[in-house]
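1. Here you go, sequence then predicted model.
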Amino acid sequence: AQTVTQSQPEMSVQEAETVTLSCTYDTSESDYYLFWYKQPPSRQMILVIRQEAYKQQNATENRFSVNFQKAAKSFSLKISDSQLGDAAMYFCAYRTFYGGSQGNLIFGKGTKLSVKP
Amino acid sequence: NAGVTQTPKFRILKIGQSMTLQCTQDMNHNYMYWYRQDPGMGLKLIYYSVGAGITDKGEVPNGYNVSRSTTEDFPLRLELAAPSQTSVYFCASTLLGSNQPQHFGDGTRLSIL
């Protein structure tokens, strides 16, 4: 079974600085998706970025980028120019690539990010 | 486009009561999911459905039931509520077979006292 591990329960960053959140996962599959979701205090689950495992190029979305290391099974999220609105819980999640499966997301326990003004 | 709509947003139940959490989506998604999120934890899968009339258990199904009579609706029923079911419940949907991510509802905070 696949597992997702986020080893940093809490992180803190100064406004305008850069922070990296770590995520590792375990799977025997060669094709899959990886996601980072943001959960602000409003508890909405907001998709931040996603990566298809068959793509070697790291995904980027504005100030958010990932460092995807397939061999190491690592998927870290870098937030550049941090803003106060980035403060939230961040969840790393895995999903199998193939249809016919559950297709559900497997989540890590999350990292709580604080942004200091 | 409403996306995934969950009702109610908040509810308090007494031990032993029952209730149904409603979830509806208007994106014609085939897959729907119910997750629960306990404090300080990620989401865990309760039940899922691959289409109308087809449901199956996830990681933590005990104490819950689901049905999927239409593509749009996927209600979650709690029978004999227990304090261990105090949690935040999320419904999600996706079109499997595409590369679409899951779309989440805003969650239901449920307290069992």
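-> Received it, and whenever you're ready, just let me know what you need. All values derive from a computational prediction rather than experimental measurement. Residues are numbered from 1 along each chain as shown, chains lettered A, B, ... in the order given.

2. Contact residues of chain B facing chain A?
-> Within chain B, the residues that sit near chain A (C-beta under 8 Å from any C-beta of the partner chain) are B:31, B:33, B:35, B:40-45, B:48, B:50, B:56, B:58, B:88, B:90, B:92, B:94, B:96-97, B:99, B:101-102, B:104, B:106-107, B:109. C-beta here means a position set from N, CA and C on the backbone, and glycine is covered the same way.

3. Derive a PyMOL selection command for the buried subset of those residues.
-> Here is the PyMOL selection string for the buried members of the residues of chain B next to chain A, based on 16 or more other C-beta atoms under 10 Å in any protein chain shown:
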select buried, chain B and resi 31+33+35+42+43+44+45+48+50+58+88+90+92+94+96+101+102+104+106+107
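
4. Among the residues of chain B next to chain A, which lie within strands?
-> B:31, B:33, B:35, B:43-45, B:48, B:50, B:56, B:88, B:90, B:92, B:94, B:104, B:109 (DSSP state E).

5. what's the farthest-apart pair in these?
-> B:50 and B:109 (27.6 Å; C-beta to C-beta).

6. okay, now the nearest residue to residue B:40 once chain neighbours are set aside: neighbour count?
-> Using C-beta to C-beta, 6 or more residues apart in numbering or on different chains and skipping the chain neighbours, the partner closest in space to residue B:40 is residue A:109 (6.9 Å). When neighbours are counted by other C-beta atoms under 10 Å in any protein chain shown, residue A:109 registers 16.

7. what's the answer for residue B:72, then?
-> Neighbours of residue B:72 using other C-beta under 10 Å come to 17.

8. any idea how far chain A is from it?
-> Here residue B:72 is placed at a distance of 18 Å from chain A (C-beta to the nearest C-beta, to the nearest Å).

9. in terms of contact, does that residue touch residue B:27 like I think?
-> No - assessed by C-beta atoms under 8 Å, residue B:72 is found out of contact with residue B:27, at 9.1 Å.
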